[in-house]
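> Give me a model of this one.
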Amino acid sequence: MKTTKIFFRTTDDIKLAAILHLPSKQTDKIIILAHGITVDKDEDGTFPTLANLLANSGYAVLRFDFRGHGESEGKSIDMTLTGELLDLEAAVKMAKVSEYKNIGLLGASFGGGEAVLYATKYQDQLKALCLWNPVLNYDHTFINPYLPWIVKRKGHMRNDLQEKGWTTLGSHNFIIGKTLFDEMEQTYPFEELKKITIPTIIIHGNKDTYVPYEDSRNYVGNLQHGELIAIEGGEHGFHDSGEYAEQANQATLNFFKKYL
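Residues are numbered from 1 along each chain as shown. Here you go, the predicted structure:
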């Protein structure tokens, strides 16, 4: 297995940075990893481990930085759902140009919601969809949040958006703009699940304090060909224990072995 840093551009001319993991034998199968908000293509350390596991199992893996994140161009304040969809389109196009004919997509957290929106529009480009602790209801997670990490800042964030047109998110004060919130108020990934017919799996820690596990449990029934795997005791992103990450990684590998 080897890794290579690559760059590619979106249709609106944003340069994105990515790491391509290549298996020891040539393959026409690739899995694209879409990270969450405020982080980058490492997804707080979980994506490199997952990518290596998948590559050692014979898949090419592409993990990239969305615009305004990591090494990619753009400012976080300008980040939008629409822009991130262009980023996903560019990542899939890059894979197809590189002659990968069978494409799987994994979206984590905020990237899970984006992966749903992409799959709804372009599922003919994908063979299988995997969602890690996905944001399926923006109202529950960002607009009117009730989980511990953000609920105390809800009023402060609303004031910021009204007075300044932007606010900050997370421990690193990641700046996000009002346009993103306006989009989220009008976008419903959980409803879009009903349009997805390709094999889909949701993997979610049932002790997640950042994205409601109950959303995944309630909305998995909207999928025509989907299932939910609960990581018992798992926190958001499975960062709290190597055991939980191993369970999520193995479930992910088993899923793609079956459908990709």
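> so where do the strands sit in the protein?
All strands of the chain, identified by DSSP state E, fall at 2-9, 15-22, 29-34, 60-64, 102-108, 128-132, 166-169, 174-177, 200-205, 226-231.
> Which among the ones you listed is found nearest to Gly155?
Nearest to Gly155 among those is strand 166-169 (11.0 Å), distances taken as Cβ to Cβ. Quick note: C-beta positions are derived from backbone N, CA and C, even for glycine.
> looking only at pLDDT, what's the mean for that closest one?
The predicted model assigns strand 166-169 a mean pLDDT of 95.
> Does anything pack onto it? Which helices or strands?
helix 154-163, strand 174-177 (3 or more Cβ pairs under 8 Å, 6 or more residues apart in numbering; DSSP states H and E).
> That strand pairs with which strands, parallel or anti?
According to DSSP bridges, strand 166-169 forms sheet pairs with strand 174-177 (antiparallel).
> Need the residues that contact the strand it pairs with.
37-38, 75-80, 165-169 (Cβ atoms under 8 Å, 6 or more residues apart in numbering).
> Surely Thr209 is in contact with Ile150?
No. If you go by Cβ atoms under 8 Å, Thr209 and Ile150 don't touch, sitting 9.7 Å apart.
> returning to that earlier point: nearest to Gly112, of the contacts of strand 174-177?
Ile37 (10.7 Å).
> Can you tell me the closest non-neighbouring residue to that closest one?
Leaving out its chain neighbours, the residue that sits closest to Ile37 by Cβ to Cβ, 6 or more residues apart in numbering is Phe110, at 3.8 Å.
> Pretty sure that neighbour sits against Val135.
Yes. Using Cβ under 8 Å, Phe110 is in contact with Val135, at 5.1 Å.
> list residues touching both of those two?
Gly36.
> Backbone torsions only: list them for Gly170.
Main-chain dihedrals, Gly170, degrees, to the nearest 10: phi 80, psi 180.
> and what of Gly36?
Phi and psi for Gly36, reported as degrees, to the nearest 10, are phi -90, psi -180.
> For burial, what's the neighbour tally of Asn52?
15 (other Cβ atoms under 10 Å).
> wait, what's in contact with it?
Met1, His21.
> Give the burial count for Glu232, as a bare number.
Around Glu232 there are 9 other residues, counting by other Cβ under 10 Å.
> Would you check how far apart it and Ala251 are?
12 Å (Cβ to Cβ, to the nearest Å).
> Check Trp166 too.
37 Å.
> Surely Ser72 and Asp78 touch.
No. If you go by Cβ under 8 Å, Ser72 and Asp78 don't touch, sitting 12.0 Å apart.
> Quick check: Phe110 vs Ile198, distance?
In terms of Cβ to Cβ, Phe110 sits 21 Å off from Ile198.
> Those two - which one has more neighbours?
Higher neighbour count among Phe110 and Ile198: Phe110, with 28 against 19, using other Cβ under 10 Å.
> ok now do that one, which residues does it touch?
By Cβ under 8 Å, 6+ apart, Phe110 lies in contact with Gly36, Ile37, Val135.
> pretty sure the first one contacts Leu169?
Think Gly36. No. Counting by Cβ under 8 Å, Leu169 is not a contact partner of Gly36; they are 10.8 Å apart.
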